[in-house]
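K.L.:
model this:
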Amino acid sequence: MLERKLTRRGLLATGVVTAAGWATAACGAALGSSTTRISAASRPAAAAFVPSATLDAARPVPPSVTPAAAVAPATPSSPTPTAPRPVEDPGAVAAAHAGQRPVAWGMAMPGIITGFAPQGRQMALTFDACGGPGNDEMNDLLINYLIAQRIPATLFLNRRWIDADPARAASLAASPLFEIGNHGNRHCPLSVTGRAAYGIRGTGSAREAVDEVWENQQRLIALTGRAPRFFRPGTAHYDDVAVRIVHELGVTPVGFDINADAGATFNAAQVQVEMAKATPGAISIAHMHRPKSGTGPGMLVALPRLRSAGYEFVHLP
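P.N.:
Here you go, the predicted structure:
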């Protein structure tokens, strides 16, 4: 069971709520120092997929808890999940978009979910595991707290992080608290032109964009026996052609409304400030692979406060 694979130190720490921040460590392969937040007024309930013809014709545009006791119910509630879409042949998807030129770039655009239609005061927590040099650990304090408090979340796992310890990833996937999302094969911005974000070069063609999604999708299916419903690229940046590619591969592109830890660079107090901005239907992003960051201590304060304010944590719909 997952609980047995996690550290005793982490399980003991879940009973201690502290505002003290640990030394932060930058995650260059995450979200840099961006504090981007999508306003509640402009957030769609569920971003609609825009057909290719619509975006191809567009002009270029600039980038752009019910109160709970110590232990919540064993089965987390969630909005009704969307049905899986049929998956086209990945080679055919790449060929269909070969040579197309994007007209939009960023972390929020039509086709990317940045919020959802809540049933009351609900919000969705998401955590990225980016992998690669210096990014292959797990924040035991954070994960053990979610388990102890029965808090559901979507965990976006990069293939590098999975391959560093496949048994750890499989244990997380076995927990009903956690839905596993696809965080890409090499942790690249999803582009068809190689466009970079935070100094990280994006995929350079439709073929590379397909591979970034599809190879880790297959890795996760082999590991968990289930196809992930959601995808978020490294840096959370997409161009509009890449957004269409993700949809045609049968996966939903996900962004965020609240950037809770700025790529695991925020201290605990900053995490608390960002999480306090939650509104019903919000999706938060934070990182679960930097145990010495302020993410864990910040969340251990922020999440009980949100529950006390009436928020319920749910899976992505």
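K.L.:
residue ranges of the strands in the stretch 151-300 of the chain, please?
P.N.:
153-157, 178-182, 230-231, 238-239, 252-253, 258-259, 283-287 (DSSP state E, counting those that start in this stretch).
K.L.:
Point out the most buried one among those.
P.N.:
Highest mean neighbour count among the strands of the stretch 151-300 of the chain (mean count of other C-beta atoms under 10 Å): strand 238-239, with a mean of 30. From N, CA and C alone the C-beta is placed, and that goes for glycine too.
K.L.:
List the buried residues for stretch 187-206?
P.N.:
187-193, 195, 197-198, 200, 202-203, 205-206 (16 or more other C-beta atoms under 10 Å).
K.L.:
Tell me which of those fall in helices.
P.N.:
Those of the buried residues of stretch 187-206 mapping onto helices are Ala206, per DSSP state H.
K.L.:
what's the farthest-apart pair in the buried residues of stretch 187-206?
P.N.:
Within these, Tyr198 and Ala206 form the most distant pair, 22.5 Å apart (C-beta to C-beta).
K.L.:
how about the nearest residue to His187, chain neighbours excluded?
P.N.:
Gly234 (3.4 Å; C-beta to C-beta, 6 or more residues apart in numbering).
K.L.:
The one you found contacts His183, correct?
P.N.:
Yes: taking C-beta atoms under 8 Å as the definition, Gly234 is a contact partner of His183 at 7.1 Å.
K.L.:
Give the residues shared as contacts by these two.
P.N.:
Cys130, Asn158 (C-beta atoms under 8 Å, 6 or more residues apart in numbering).
K.L.:
Might you list the low-confidence residue ranges for this protein?
P.N.:
1-88 (pLDDT under 70).
K.L.:
for it, what's the longest strand?
P.N.:
strand 122-129 (DSSP state E).
K.L.:
Can you tell me which of the buried residues of stretch 187-206 is closest to Glu248?
P.N.:
Ala206 (10.5 Å).
K.L.:
Disregarding residues adjacent in the polypeptide, which is nearest to that closest one?
P.N.:
Closest to Ala206 by C-beta to C-beta, 6+ apart is His97, at 3.9 Å.
K.L.:
which ones are touching that neighbour?
P.N.:
So His97 contacts Val192, Ala206, Ala209, Val241, Arg244, Ile245 (C-beta under 8 Å, 6+ apart).
K.L.:
What residues does the second one make contact with?
P.N.:
Okay, so that is Ala206. Val93, Ala94, Ala95, Ala96, His97, Ala98, Gly99, Gln100, Val192, Val241, Ile245.
K.L.:
Just these: which are in helices?
P.N.:
Per DSSP H, the subset of those in helices is Val93, Ala94, Ala95, Ala96, His97, Val241, Ile245.
K.L.:
Top of those residues by number of neighbours, please.
P.N.:
Ile245 (31 neighbours; other C-beta atoms under 10 Å).
K.L.:
Skipping its backbone neighbours, what lies nearest that one in space?
P.N.:
Ala209 (5.2 Å).
K.L.:
Tally up the residues packed near that neighbour, please.
P.N.:
32.
K.L.:
my guess is it contacts Thr203, does it?
P.N.:
Yes: applying C-beta under 8 Å as the test, Ala209 and Thr203 come out as touching, 4.5 Å apart.
K.L.:
Give the residues shared as contacts by these two.
P.N.:
With C-beta under 8 Å, 6+ apart, Ala209 and Thr203 have common neighbours Leu190, Ser191, Val192, Ala242.
K.L.:
Check the gap between the first one and Ile258 for me.
P.N.:
In this case it means Leu190. 21 Å (C-beta to C-beta, to the nearest Å).
K.L.:
what does Pro297 give?
P.N.:
17 Å.
K.L.:
what does Val273 give?
P.N.:
Val273 is 10 Å from Ile258, by C-beta to C-beta.
K.L.:
likewise Thr279?
P.N.:
Counting by C-beta to C-beta - Thr279 and Ile258 are separated by 9 Å.
K.L.:
likewise Leu172?
P.N.:
22 Å.
K.L.:
Kindly report the same for Gln122.
P.N.:
Distance from Gln122 to Ile258, by C-beta to C-beta: 14 Å.
K.L.:
Check Arg244 too.
P.N.:
Counting by C-beta to C-beta, the gap from Arg244 to Ile258 is 26 Å.
K.L.:
Then Ser191?
P.N.:
Applying C-beta to C-beta to Ser191 and Ile258 gives a distance of 24 Å.
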